[in-house]
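J.: predicted coordinates and the sequence they were generated for:
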Amino acid sequence: MQTLLKSTPFRYALNASAIIGLYAVIMLLIKTGILNRYQALMLIPIGFNIILAASLNLTAGFLGQLPLGHAGFMSVGGYAAALFSMSAALPTNVELPLALAIGGVVAAAFGLVIGLPALRLKGDYLAIITLGFGEIIRVIILNLKFTGGAYGLKGIGRQTTVTWVYICVVITLFIISTLMRSRHGRAILSIREDEIAAEASGIPTTYYKVLAFTVSAGFAGVAGGLYAHYLSIMDPSSFGFMRSAEILVIVVLGGLGSIFGSVVSAIALTILPEALRGFADYRMVIYSVLLVGVMIFKPSGLCGRYEFSLGDSIDGLCSRIRGIFSRKGGVSDGGDS
Amino acid sequence: MTLLYLMINGLQIGSIYALVALGYSMVYGIVKLVNFAHGDIIMVGAYSTWYIMAKYSAPAWFAALASIVICSALGMLIEKIAYKPLRKSDRLSLLVTAIGISLLLQNLAQLIFSANPRMFANIFTGTVTVGERSFSNATTVTIAVSVIIMIGLTVLVKRTKIGKAMRAVSEDGEAATLMGINVNNTISFTFALGSGLAAIASVFYCCSYSQIQPAMGGMLGLKAFVAAVLGGIGSIPGAMIGGLCIGVAESLTKGYVSSQLTDAVVFGILIVVLLIKPSGILGRQRNEKV
């Protein structure tokens, strides 16, 4: 029993069934009308915020470098995806994934080109230079012809559905969490812990820094594509510094280096402003006060570095139940741990 | 002549950037925090000056002085409430707190004064004629006052006791404590000084742009921050040079290239400087120790 629970195929099967189960629950809630149309539509921004936060967490949380230009990659991916889907006339179920893939690849390419020079800098200077690149991307998009300039793009097909967002979120979280559990992930973590020591141990730090940065930018591009096909308009002014700051806030509030934390905090921070709509004018004030309050009282973020794992949770639960039973029987076999 | 005109305009906006950049630079030097709320202090300064003048029909000099006092107090208050509890924790948490404070100030201003822009009457009316060209008094006063303030600030930091304490704390906070320097008071003073300078900058800014709105601090703050980094963050003369460079570059781009590309040029200069000399024009290179 115990070995079966810990075996990799079983874990994969468990997670896969949980993912399908969660999807079924969401769909059931929408179909039965428990989640109304408005709430169901809220699932889409929650989804792309999860992708943005998880991808930023890869650089900010795991790599330990602070980029402030995430919105720039999001806009590049969004524009690339939107321009593709506006010029191509394919069936939706082919067009959207292709557009998202193109958005992701283009954003990753930008991430690579920007990351190579920028990652020579460290700490605050890296933050500032990525901020600079983010702003430059915005200004250039504002001045190009084919991106529509200040008017932005209009009439992008509203193709983003809850299902597509769900698939993208699952793929993103799967890739990032498996990456972090691999040899490459450990190399990335070692750079966060001590870059000089990592380099001395023979880890090609530049390679891994650029790798993490590129992957992170790529997923931001996918999120941008989802965003474009959700709002059906792209407006360059919505990808300024404040958007990057918003994503960073989600990551730090959830806990740097916790993907689970990013998911929780993306859900919370997307719903919160909507839930506070009843307070009308006061909602953003309450939002910012809550943000500052959480940071003062729990500086490591809501989840710290805690990582949720379904298999481990079930393991823990099983051993606890076994512990209770063995105590009842009067035989203690050390089952409770 | 156009070149001279553009240069002087650039120096005017550059002086405003420099005043704001000084606040960023001093705060960064002393607590290693990029204080994103600093831009919104400018906004608070602008609104308080405008409010005091409009509501109590007070003279402009009184309104400006009052707004300096209000901003200094606000700067100290923010530091005490939001930044001090986080001084020992991760620097990213501190940064997010600063972003939170910035959002809070913006939204409070929106709540109290509404999002509509308000008109701000120019305090310094009239013009000065030099040769064939005439410059508005706002330009001359801005440049003159900024120069005086920068000289005063240099004297303050180099020659006075509190200036010495500021330099000591930014060099090594713990060693400064051991030498009997009250670190908390020094940090409070730095925040008050920076916020006061932001208030002065806000008055000059409003005189040349005549419009105030809750989000005005965002881009202005960001560019002043770029100026601080350009000159070498943590260095006071660096902040001045950086501010003036950014102002002149912006003005020349507006005059000769395109007014839409100014932001790209400003950030482009930043990137080039960071890649060539990451510590900025006057910043000191700090070697990494194992």
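T.: On my side now, so go ahead.
J.: what segments of the stretch 1-150 of chain B are helices?
T.: B:2-31, B:38-55, B:60-78, B:91-113, B:137-159 (DSSP state H, counting those that start in this stretch).
J.: nearest to B:Gly242, out of those helices?
T.: Proximity of the helices of the stretch 1-150 of chain B to B:Gly242 was assessed by CB to CB; the nearest stretch is helix B:2-31, lying at 5.9 Å. All C-beta atoms are positioned from the backbone trio N, CA, C, and that covers glycine.
J.: what packs against that closest one?
T.: Under the contact criterion of 3 or more CB pairs under 8 Å, 6 or more residues apart in numbering or on different chains; DSSP states H and E, helix B:2-31 touches helix B:38-55, strand B:133-136, helix B:137-159, helix B:161-171, helix B:183-209, helix B:217-231, helix B:236-256.
J.: show me what the fifth one is packed up against.
T.: For helix B:183-209, the packing partners by 3+ CB pairs under 8 Å, 6+ apart come out as helix B:2-31, helix B:38-55, helix B:60-78, helix B:137-159, helix B:161-171, helix B:173-178.
J.: reformat the ones you listed as a markdown table; add mean neighbour count and mean pLDDT.
T.: Converted to a markdown table, the helices and strands packed on helix B:183-209 look like this (neighbours: other CB atoms under 10 Å in any protein chain shown; pLDDT from 0 to 100):
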| stretch | mean neighbour count | mean pLDDT |
| --- | --- | --- |
| helix B:2-31 | 24 | 90 |
| helix B:38-55 | 24 | 92 |
| helix B:60-78 | 19 | 94 |
| helix B:137-159 | 16 | 89 |
| helix B:161-171 | 18 | 91 |
| helix B:173-178 | 14 | 90 |
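J.: picking that back up, compare the helices of the stretch 1-150 of chain B and give me the one nearest A:Leu256.
T.: Checked against CB to CB, the stretch from the helices of the stretch 1-150 of chain B lying closest is helix B:91-113, at 6.2 Å.
J.: touching chain A at all, that closest one?
T.: Yes - interface with chain A: helix B:91-113 contributes B:92-93, B:95-97, B:99-101, B:103-104, B:107-108, B:110-111 (CB under 8 Å from any CB of the partner chain).
J.: between the residues you listed, which is closest to B:Lys277?
T.: Taking the residues of helix B:91-113 next to chain A together and measuring to B:Lys277 by CB to CB, the closest member is B:Leu95, at 23.9 Å.
J.: ok, the closest one touching B:Val31?
T.: No - with contact defined as CB atoms under 8 Å, B:Leu95 does not reach B:Val31; the gap is 11.4 Å.
J.: so B:Thr186 makes contact with B:Ile30?
T.: Yes - the pair B:Thr186 / B:Ile30 is scored as a contact, 7.2 Å apart, by CB under 8 Å.
J.: between those two, which contacts overlap?
T.: Common contact partners of B:Thr186 and B:Ile30 (CB atoms under 8 Å, 6 or more residues apart in numbering or on different chains): B:Met166, B:Val169.
J.: wait, doesn't A:Gly111 sit right on A:Ser216?
T.: Yes - at 6.8 Å, A:Gly111 counts as touching A:Ser216 under the criterion of CB under 8 Å.
J.: show me what the helix or strand where A:Glu246 lies is packed against.
T.: A:Glu246 belongs to helix A:241-254 when assigned by DSSP states H and E. Here helix A:241-254 touches helix A:37-57, helix A:70-87, helix A:123-143, helix A:259-275, helix A:283-297, helix B:91-113, helix B:217-231, going by 3+ CB pairs under 8 Å, 6+ apart.
J.: mean pLDDT lowest for which of those helices?
T.: The stretch with the lowest mean pLDDT among the helices and strands packed on helix A:241-254 is helix A:283-297, at a mean of 83.
J.: and chain B, is that one touching that?
T.: Yes - using CB under 8 Å from any CB, helix A:283-297 reaches chain B at A:Met284, A:Val285, A:Tyr287, A:Ser288, A:Val289, A:Leu291, A:Val292, A:Met295, A:Ile296.
J.: does B:Gly180 count as helix, strand or coil?
T.: coil (DSSP: H, G, I helix; E, B strand; the rest coil).
J.: show me what from the stretch 101-250 of chain A comes close to chain B.
T.: A:117, A:120-121, A:124-125, A:127-129, A:131-133, A:135-136, A:139-140, A:142-143, A:196, A:240-242, A:245, A:248-249.
J.: got a PyMOL select line for the buried ones in the residues you listed?
T.: Buried members of these, defined by 16 or more other CB atoms under 10 Å in any protein chain shown, are picked up in PyMOL with:
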select buried, chain A and resi 121+124+125+127+128+129+131+132+133+135+136+139+142+240+241+242+245+248+249
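J.: my read is that A:Val252 contacts B:Arg91, right?
T.: No - applying CB under 8 Å, one finds A:Val252 not in contact with B:Arg91, separated by 10.6 Å.
J.: need the contact list for the nearest residue to A:Asp235 once chain neighbours are set aside.
T.: The spatially closest residue to A:Asp235, leaving aside those adjacent along the chain, is A:Gly152, at 4.1 Å (CB to CB, 6 or more residues apart in numbering or on different chains). A:Gly152 sits next to A:Ile233, A:Met234, A:Asp235, A:Pro236 when contact means CB under 8 Å, 6+ apart.
J.: tell me the mean pLDDT over the host helix or strand of A:Lys209?
T.: Assigned by DSSP H and E, A:Lys209 belongs to helix A:205-231. For helix A:205-231, the mean per-residue pLDDT is 94.
J.: pull out the buried positions in it.
T.: In helix A:205-231, counting by 16+ other CB under 10 Å, buried: A:205, A:208-231.
J.: same for that helix, what does it pack against?
T.: Contact here means 3+ CB pairs under 8 Å, 6+ apart; on that basis helix A:205-231 packs against helix A:37-57, helix A:70-87, helix A:92-118, helix A:162-181, helix A:183-193, helix A:195-200.
J.: adjacent strands (with direction) for whatever helix or strand comes next after that helix?
T.: Downstream of helix A:205-231, the first helix or strand assigned by DSSP H and E is strand A:233-234. According to DSSP bridges, strand A:233-234 forms sheet pairs with strand A:153-154 (antiparallel).
J.: for the strand it pairs with, the distance to its chain's centre please.
T.: Computed by CA atoms, centre = their mean, to the nearest Å, the chain-centroid distance of strand A:153-154 equals 25 Å.
J.: any idea of the mean pLDDT in it?
T.: Here the average pLDDT along strand A:153-154 is 86.
J.: stretch B:189-200: how far from the chain's middle?
T.: Distance of stretch B:189-200 from its chain centroid, counting by CA atoms, centre = their mean, is 8 Å.
J.: outside of that stretch itself, list whatever touches it.
T.: For stretch B:189-200, the external contacting residues (CB under 8 Å, 6+ apart) are B:19-20, B:22-24, B:26-27, B:30, B:35, B:38, B:41-42, B:44-45, B:48-49, B:64, B:67-76, B:78-79, B:145, B:149, B:153, B:162, B:166.
J.: then it to PDB, C-alphas only?
T.: Taking Å, rounded to 0.1, in the frame of the first residue of the first chain, the C-alpha atoms of stretch B:189-200 are listed here in PDB:
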ATOM      1  CA  PHE B 189      15.000  62.600   9.000                       C
ATOM      2  CA  THR B 190      16.000  61.200   5.600                       C
ATOM      3  CA  PHE B 191      12.500  60.400   4.700                       C
ATOM      4  CA  ALA B 192      11.300  63.800   5.900                       C
ATOM      5  CA  LEU B 193      14.000  65.500   3.900                       C
ATOM      6  CA  GLY B 194      13.200  63.500   0.700                       C
ATOM      7  CA  SER B 195       9.500  64.100   1.000                       C
ATOM      8  CA  GLY B 196      10.000  67.800   1.600                       C
ATOM      9  CA  LEU B 197      12.100  68.000  -1.600                       C
ATOM     10  CA  ALA B 198       9.300  66.100  -3.400                       C
ATOM     11  CA  ALA B 199       6.800  68.700  -2.200                       C
ATOM     12  CA  ILE B 200       9.000  71.500  -3.600                       C
END
